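*Asks:* Could you look at this predicted model? Sequence included:
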Amino acid sequence: MEKLKIAGGYPLKGTVRVSGAKNSAVALIPATILADSPVTIEGLPDISDVEILKGLLEEIGGHVKLSDNEMTVDPSGMISMPLPNGKVKKLRASYYLMGAMLGRFKKAVIGLPGGCHLGPRPIDQHIKGFEALGASVTNEQGAIYLRAEELRGARIYLDVVSVGATINIMLAAVRAKGRTVIENAAKEPEIIDVATLLTNMGARIKGAGTDVIRIDGVESLHGCRHTIIPDRIEAGTYIILGAAMGEGVLVDNVIPQHLESLIAKLSEMGVYVEAGDDQIFVRSSSSLKAVDIKTLVYPGFPTDLQQPFTSLLTRAEGSSMVTDTIYGARFKHIDELRRMNASIKVEGRSAIVSGPVQLQGAKVKASDLRAGAALVIAGLMAEGITEVTGLEHIDRGYSNLVEKLNGLGATVWREAMTEDEAEQLKNT
Ligand SMILES: CC(=O)N[C@H]1[C@@H](OP(=O)(O)OP(=O)(O)OC[C@H]2O[C@@H](n3ccc(=O)[nH]c3=O)[C@H](O)[C@@H]2O)O[C@H](CO)[C@@H](O)[C@@H]1O
Ligand SMILES: C=C(OP(=O)(O)O)C(=O)O
C-alpha cells in the first residue's frame, strides 16, 4: 500500500494535459459488447476503472488489447457470463454491463456496483427503464438478474435526472425492436460521447445532450474507431488548483464549453481565467472573494468538482456556502480539511467555509475519489508536508497524477506505507 506525500506552499506554473474522460470511458468500454466486430477507443485515461473494465470484458470472453491509451475490443466471442461478485464491486460503472449485456444477450447477472460512497446511490431508474423495455429484473442476494424474451422500444420518463440511467437505457435500447424515447434524460457531455460511439457502430439515436433522446432499434451493430472526449472533471481539478496556487497554469485538451459554470464561479472570485479553443489558462490572485456554489445537473456546477472547489474556498475572504443538491452527504472530505486547519461547518446539504485560512500539512485519508482530489489540492496549498492515504480512490480517476503535478513544479511523491501504517489505516 502506498501514500502520497506533498510538500505544499509552492506556486505552480506550466502546462498540464488532460486525459480522456473517466465517465465516458466507463460507458464506452461496456458499449463495445453490443457490436459484432472489433471496436477501437482512442485516448483512454490511465486509471484503475479502465483496467477493471478490461478485466470484466475478458471474463465474459472478449479479446481486449490495451496499449498507448488505445483499447481494441473484439466482442465476437463474448457470452452472457454471470458476474455477481468480484471486480463489479470495485467501480460504479459496472452497472453499464447490465444495459449492454441485456441489449446483446437479452440476459445478464451483474452484482450491485461499488464506486464512491456518497450516501445512497439507488439504481431504481435504470431498472424502471429495463422493465419498460420488456425485461424482468430481480435482485437476488446482491446481484441484479435481468431476462427478456425480446426487448421492445418504450417511452420512459425518468423521475430523477440520472446520467447512469440515461446511458444504461440507451445501451439496452439500441438493439431493441422499435422506438425508445427517454424523457427527462440527463444532458452531460459523456452521454453525447456514448451516443456518438453507438451511432458510429450503426445505432440510430437522436437528441443526446437534450432532455429527450429518441432511439430507433437496429438488428446489429458493427465495429468502429472512436476518440474519447477530454475529462472535464480532471480539467476542472487542475483549473481549481491553478486558481489556488497558479502563477500561470495552462490546462490543455479541454472543451471550455463543458466548464462554463466553473469558469463563471472562478471569475466571480477574482481568479484570472481565459478560455481558448481547447485550452484554459488560469492564474491565482493574492485576494480571492468568497462565493456560494450549488451543484446541479449539467450544465450546472458539477457535484464532482464540489469537493476540490471547497479546498480553494478556504483561501477566499469571507464566508462561502457549498450546497450539494445531487449528493447531500458528499462531505466526507470536510473532517480531513479541518485537520489541515480549515474552518468549515456542515449544516444539512451545505458546508459553510470561512476564510481565508492558511492550511497546514497533516496526515489525511481520502474517503472517495474527489475527496482525494480535494485533499491533494489542500496539500499543495498547505504549509509543510501532507500525507494522503486512500490512494485506491484517487487512482480510479486521475491519470498519472504525480507526473502531472510535478510537471507544474509541485513536489509530490508516492511512498510505500510501513506495515504499522497499513494496519492502522485498516482499523480507521
Ligand atoms: C460513472 C459515472 O458517470 N459517475 C457519475 C454519475 O454517477 P451516477 O450515474 O451514478 O449518478 P446519477 O446521475 O445517476 O445520480 C444523480 C442523482 O440521482 C439519484 N438517482 C440516480 C439513479 C437512480 O436510479 N435513482 C436515483 O435516485 C442519485 O442518487 C443522485 O442523487 O453522475 C454523477 C452525477 O453527475 C457523478 O457524480 C458521477 O461521477
Ligand atoms: C462519483 C464519481 O465516480 P463514480 O460514479 O464512478 O463513483 C466521480 O467520478 O466523482
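*Replies:* Ah, there it is. Ligands and ions are numbered 1, 2, ... in the order given.
*Asks:* May I ask which helix or strand encompasses whatever residue of the chain ends up closest to ligand 1?
*Replies:* Shortest the chain-to-ligand 1 distance, computed as Cβ to the nearest ligand atom: residue-wise this is Gly164, at 2.8 Å. Every residue, glycine included, has its C-beta placed from N, CA and C. If you go by DSSP states H and E, Gly164 is part of helix 163-173.
*Asks:* Measure how buried the residue of the chain closest to ligand 1 is and give me the count.
*Replies:* Using other Cβ atoms under 10 Å, Gly164 is surrounded by 23 other residues.
*Asks:* How about Phe331?
*Replies:* Count around Phe331 with other Cβ under 10 Å applied: 24.
*Asks:* so the residue of the chain closest to ligand 1 sits right up against His126, yeah?
*Replies:* Yes. Counting by Cβ atoms under 8 Å, His126 is a contact partner of Gly164 at 6.3 Å.
*Asks:* which residues are common contacts for those two?
*Replies:* Contact criterion Cβ atoms under 8 Å, 6 or more residues apart in numbering; residues shared by Gly164 and His126: Tyr95.
*Asks:* Alongside ligand 1, which residues does the stretch 201-350 of the chain contribute?
*Replies:* Proximity of the stretch 201-350 of the chain to ligand 1 (Cβ under 6 Å from any ligand atom) is limited to residues 303-304, 326-327.
*Asks:* What about ligand 2: which of those residues touch it?
*Replies:* Contacts with ligand 2 within those, counted by Cβ under 6 Å from any ligand atom: Asp304.
*Asks:* Please convert the residues of the stretch 201-350 of the chain next to ligand 1 to TSV, extending it with neighbour count.
*Replies:* Listed next are those as TSV, based on neighbours: other Cβ atoms under 10 Å:
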residue	neighbour count
Thr303	18
Asp304	25
Ile326	22
Tyr327	19
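*Asks:* residues contacting the residue of the chain closest to ligand 1?
*Replies:* Listed by Cβ under 8 Å, 6+ apart, the contact partners of Gly164 are 92-93, 95-96, 123, 126.
*Asks:* and Val137, backbone torsions?
*Replies:* Per-residue torsions, Val137: phi -130, psi 120 (degrees, to the nearest 10).
*Asks:* and the residue nearest to it when sequence neighbours are not counted, how many neighbours?
*Replies:* The shortest distance from Val137 to any non-neighbouring residue, by Cβ to Cβ, 6 or more residues apart in numbering, is to Ile127 (4.9 Å). Number of residues near Ile127 (other Cβ under 10 Å) recorded here: 19.
*Asks:* ditto for Lys128
*Replies:* With neighbours defined by other Cβ under 10 Å, the count for Lys128 comes to 18.
*Asks:* thought it was touching Ile156?
*Replies:* Yes. Counting by Cβ under 8 Å, Ile156 is a contact partner of Lys128 at 7.0 Å.
*Asks:* Quick check: neighbours shared by those two?
*Replies:* Common neighbours of Lys128 and Ile156 (Cβ under 8 Å, 6+ apart) do not exist.
*Asks:* Buried ones in stretch 345-354, by neighbour count?
*Replies:* Buried residues in stretch 345-354, counted by 16 or more other Cβ atoms under 10 Å: 349-354.
*Asks:* Please enumerate the helices of the stretch 101-250 of the chain.
*Replies:* Assigned by DSSP state H, counting those that start in this stretch, the stretch 101-250 of the chain shows helices spanning 124-132, 163-173, 189-200, 232-245.
*Asks:* if we can go back for a sec, tell me the mean pLDDT for the helix holding Gly164?
*Replies:* Mean pLDDT, helix 163-173: 98.
*Asks:* now swap in stretch 275-294 and tell me
*Replies:* Stretch 275-294 shows a mean pLDDT of 97.
*Asks:* what separates it from the chain centre, distance-wise?
*Replies:* On the basis of Cα atoms, centre = their mean, to the nearest Å, stretch 275-294 is displaced by 21 Å from the centre of the chain it belongs to.
*Asks:* that's a strand at Ser399, yeah?
*Replies:* No. If the criterion is DSSP: H, G, I helix; E, B strand; the rest coil, then Ser399 is coil and not within a strand.
*Asks:* Quick check: can you name the pairing partners of the host helix or strand of Ile41 and their directions?
*Replies:* Using DSSP H and E, Ile41 falls within strand 39-42. According to DSSP bridges, strand 39-42 forms sheet pairs with strand 70-74 (antiparallel), strand 225-227 (parallel).
*Asks:* Can you add mean pLDDT, mean neighbour count and distance to ligand 2 and give these back as TSV?
*Replies:* Output for the strands paired with strand 39-42, formatted as TSV (pLDDT from 0 to 100; neighbours: other Cβ atoms under 10 Å; distance: least, Cβ to the nearest ligand atom, whole Å):
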stretch	mean pLDDT	mean neighbour count	distance to ligand 2
strand 70-74	98	20	18
strand 225-227	98	16	20
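*Asks:* could you pull out the strands for the stretch 1-150 of the chain?
*Replies:* For the stretch 1-150 of the chain, applying DSSP state E, counting those that start in this stretch gives strands covering 2-8, 12-17, 39-42, 63-67, 70-74, 107-111, 136-140, 143-147.
*Asks:* same question but for the stretch 151-300 of the chain, I mixed them up
*Replies:* 155-157, 179-183, 204-206, 212-216, 225-227, 246-252, 272-275, 279-283, 288-289, 293-295.
*Asks:* Could you dump those into JSON lines and include distance to Gly8?
*Replies:* As requested, the strands of the stretch 151-300 of the chain are exported to JSON lines (distance: least, Cβ to Cβ, whole Å):
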{"stretch": "strand 155-157", "distance to Gly8": "48"}
{"stretch": "strand 179-183", "distance to Gly8": "45"}
{"stretch": "strand 204-206", "distance to Gly8": "46"}
{"stretch": "strand 212-216", "distance to Gly8": "45"}
{"stretch": "strand 225-227", "distance to Gly8": "36"}
{"stretch": "strand 246-252", "distance to Gly8": "14"}
{"stretch": "strand 272-275", "distance to Gly8": "22"}
{"stretch": "strand 279-283", "distance to Gly8": "19"}
{"stretch": "strand 288-289", "distance to Gly8": "17"}
{"stretch": "strand 293-295", "distance to Gly8": "24"}
